[in-house]
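> Any chance you could fold what I've pasted below:
(chains A and B)
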Amino acid sequence: MSETIILKGRCVVPGVAEGEALVTRERISGWGGVDPRTGTIVETRHELRGQSFAGKVLVFQGAKGSSGWSAQFHTARVMGTAPAAWLFNDMCTKVALGTVVSHSPAMTSFDRDPLDLIQTGDWVRVDADTGTVTITRGRHS
Amino acid sequence: MKLTDEEKAMRDGRDGRAVARAMDLLIRYGNALGAESFVETRNVCGTVTATTPFLRDFAMAKGGDDAVYSEFNLDSQEVVPVPRVKAFSSHLQLGFDPHHPELMGVDEQVVAFYRRSEAMAARMGVQLMNTCTPYQVGNVPTRGEHCAWMESSAVVYCNSVLGARTNTEGRESANAAMVTGRIPFWGFHLDEGRRGELGIQLDMPVESVEDWGLLGYWMGEWVQNRVAVVSGVGQVPNLPKLKHMGAAASSSGGVELFHLAGVTPEANTAEQAFGGRTPLDVRHYGPAERSATLARINEMGRDTQVDYVMLGCPHYTIEQIWEAACLLEGRKIHENCALWIFTPHAIKSLADRNGYTETIEKAGGLILTDSCSAMSRAVPKGTRVVAMDSVKQAHYLPAILGVQAWFGSTAQCIEAACTGRWRNA
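Now for the predicted structure:
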C-alpha cells in the first residue's frame, strides 16, 4: 500500500487537477526565468533549470522578479505548457495574478508546509474547491 | 469580495462586454489575493500593445487585434470590442524601439503589427509614453494616491519616493484597471503593508548614482521583498539616484517599497516609518559592504576590451543625458565600441532641442527610445562585453544575452566607450 497524506489549505484559483509533483524551495521568476514555449525553468542559477513544469503540480515557496510574471504563465497556458496545479506558501500580486490567468487550480496557506511533505515525483491531487491536497508517495521514493 | 453597486453594474455589463470581462478578472484576482474589496484608481501604468511575432500569429489565427486584446490584456476568451480607458493610463516600455527596427533586429511585419496596436492604444486613450519611467514624462502621482502600476523599477519609485500606493501589477490586472478604475485593496494600498520591518544604518556617505545603485542592490539581497528603513542619509539624493537605487533593489530582491529616514514622504523620522514597532533586525552598510557588492556585480566581467556601452536603465533623465553629452564633447567613440543611450521619446525631443543629441551623435553615440537592450534583446552586432552604469541592467543582461558585464560610474562608462577599454576606478 502506498502512503497517503492529506493537506488542508486556502483556495486561490478554484478547480480540481492532479499530476506528478515538481518541488523547489527556491522562488520562481516569470520574465527571464521560464520559457513558455517549452514550459521549462531557464533561470541561470535555479535548481530546477532545464526541468519542465508542463502538466505538473508545481510546489514552491513563491514568486520573484519582474512584473511580467503573469504574462509568461498566461502565454504558457495558451501554448499548452502551464502547470496542472499550483501549491505555494507566500502570497504576492505576481503569483496571484499569474495563477489566475493560468486557469489551473491553485492553493496557499496550508496547515503544514507542503515543501516538507511533498517530493518531486509524488502523485498529487489538488481539490481547490474543498481546500484539500492528497499526496501519494511516488515510485521514486 | 464585497462589491459596491457601481462595481456590480460594471460586472453585469452596464458598460459593455470588455468592462464586464475586466471586472470578472479583477474579482478572480482579488479572491486569489484574499482581498475584501476594491479601491478606486485613476492612475494606471501598463503594457497594452503587442510587439512579438507570437502575438502577431495569434491575431492572424484568432480573428485580429480584438482577440489579442481580449485574451492577453483581459484574460477573456470571449472576444470583446476594445473599449476606451476610464483611468489616466500610461504605456510602459516596448520590446523594441520602433524608430530603429534595423538596430533592434526586428522585421517590418512586426513593426507594422506594432504600429496597428499602437494606434489601438491611442484610440483607447492610453498615453504613449513608452517608458519604464512614466514619472519623468507627466505621470507624477501624489502622496497617498492609489495607483495600479506595472514595471518593478517604477513601482518602487512610486511607493518609496513619491509616497503613492501601488502593488506590482501585471499586464492583465493593469489593463483591467484602465477600463474599470478599480484594483484590489490589498498590500501596499493599506497602511499596514507600508510599515518598515528592517533597519539599515549607513556608516559611509552615499552620494553618486553609482553609490546609490550599489546600496540598492545590497539592500535587495538582504531584505528580499520586505520593507527597509534606511537611516544616516547625508546629502539628499535626487531623482536619478533614487531611480537607480530602486531599480537595483527590485532586481536583487523584489523590493517594492523602502523608506529613507528624513527624506522620503512616509519617513520624517525612522520611528514614523516603522509605525511605532521595533525593527526585526538592523544591519550596517559601510565600505566593506559596498566593495563586496561591486565585486559580486562585476564577477561576470573578465575581458577589459569593451564592445558596447549601454546607458539608460531605467530610462535616462535629461540631467543624465546632459552629463553624458558634457563628458563626450569633442571626443570620439572608439572604432571597436558602440554607445547607445535609452530615454523616453519626450526627453529625446528635449535633448534634440538642447543640442545634446547632436553632441552625442557627433561623437559616434546614439540616443534610442521606447525600449532597452534587456527588453529588446538587442545589442550591437558581435557584442561580447558590455559596460553600464546601471546595476539592474548589469544584473539582467548577462543572464538574458550571455554577455560579460562591467558596472561602474557614468564617467567610467563614457571613458570605456572612447577608449574601448574598461578601467576599474
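> Report pLDDT for A:H140.
Turning to A:H140, the model gives it a pLDDT of 54.
> How about the residues of chain B by chain A?
By CB under 8 Å from any CB of the partner chain, the residues of chain B that approach chain A are B:25, B:28-29, B:32-34, B:47, B:54, B:58, B:71-72, B:75, B:150-152, B:155, B:167-173, B:186-187, B:224-225, B:254, B:396, B:399-400. In this view, the C-beta of every residue, glycine as well, is placed from N, C-alpha and C.
> Please narrow those to those residing in helices.
Using DSSP state H, B:25, B:28-29, B:32-33, B:54, B:58, B:152, B:155, B:171-173, B:396, B:399-400 are the members of the residues of chain B next to chain A that sit in helices.
> Of these, which is the most crowded?
B:S173 (31 neighbours; other CB atoms under 10 Å in any protein chain shown).
> I'd guessed it sits against B:G30; true?
No: using CB atoms under 8 Å, B:S173 is not in contact with B:G30; the gap is 9.6 Å.
> just the strands in chain A please.
Ranges of strands within chain A are A:4-8, A:10-13, A:16-24, A:28-29, A:34-35, A:40-41, A:57-60, A:63-64, A:85-88, A:106-108, A:123-127, A:132-136, based on DSSP state E.
> can you list the weak-confidence ranges in the chain?
Answering for chain A, as no chain was given. Flagging of chain A using pLDDT under 70 yields the residue ranges A:1, A:139-141.
> try chain B instead
If you take pLDDT under 70 as the line, chain B has no such spans.
> mind checking the SS state of B:T131?
coil (DSSP: H, G, I helix; E, B strand; the rest coil).
> quick one: contacts for it?
B:L92, B:Q93, B:V137, B:H315, B:T343, B:P344, B:H345, B:D370 (CB atoms under 8 Å, 6 or more residues apart in numbering or on different chains).
> Mark which of those residues are part of helices, please.
Per DSSP H, the contacts of B:T131 map to helices at B:H345.
> Pick the one among the contacts of B:T131 closest to B:Y217.
The nearest member of the contacts of B:T131 to B:Y217, counting by CB to CB, is B:H315 at 19.0 Å.
> wait, doesn't that closest one sit right on B:S371?
No: at 9.4 Å, B:H315 and B:S371 do not qualify as touching, with contact defined as CB under 8 Å.
> okay if I get the strands of chain A as CSV plus mean neighbour count?
Below are the strands of chain A laid out as CSV (neighbours: other CB atoms under 10 Å in any protein chain shown):
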stretch, mean neighbour count
strand A:4-8, 14
strand A:10-13, 20
strand A:16-24, 18
strand A:28-29, 24
strand A:34-35, 20
strand A:40-41, 20
strand A:57-60, 26
strand A:63-64, 24
strand A:85-88, 27
strand A:106-108, 25
strand A:123-127, 22
strand A:132-136, 19
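> Can you give me the distance of A:G19 to A:L87?
Going from A:G19 to A:L87 by CB to CB, to the nearest Å gives 11 Å.
> ditto for B:R143
Taking CB to CB as the measure, B:R143 falls 39 Å from A:L87.
> Common neighbours of A:G19 and A:L87, please.
Joint contacts of A:G19 and A:L87 (CB under 8 Å, 6+ apart) are A:V57, A:V124.
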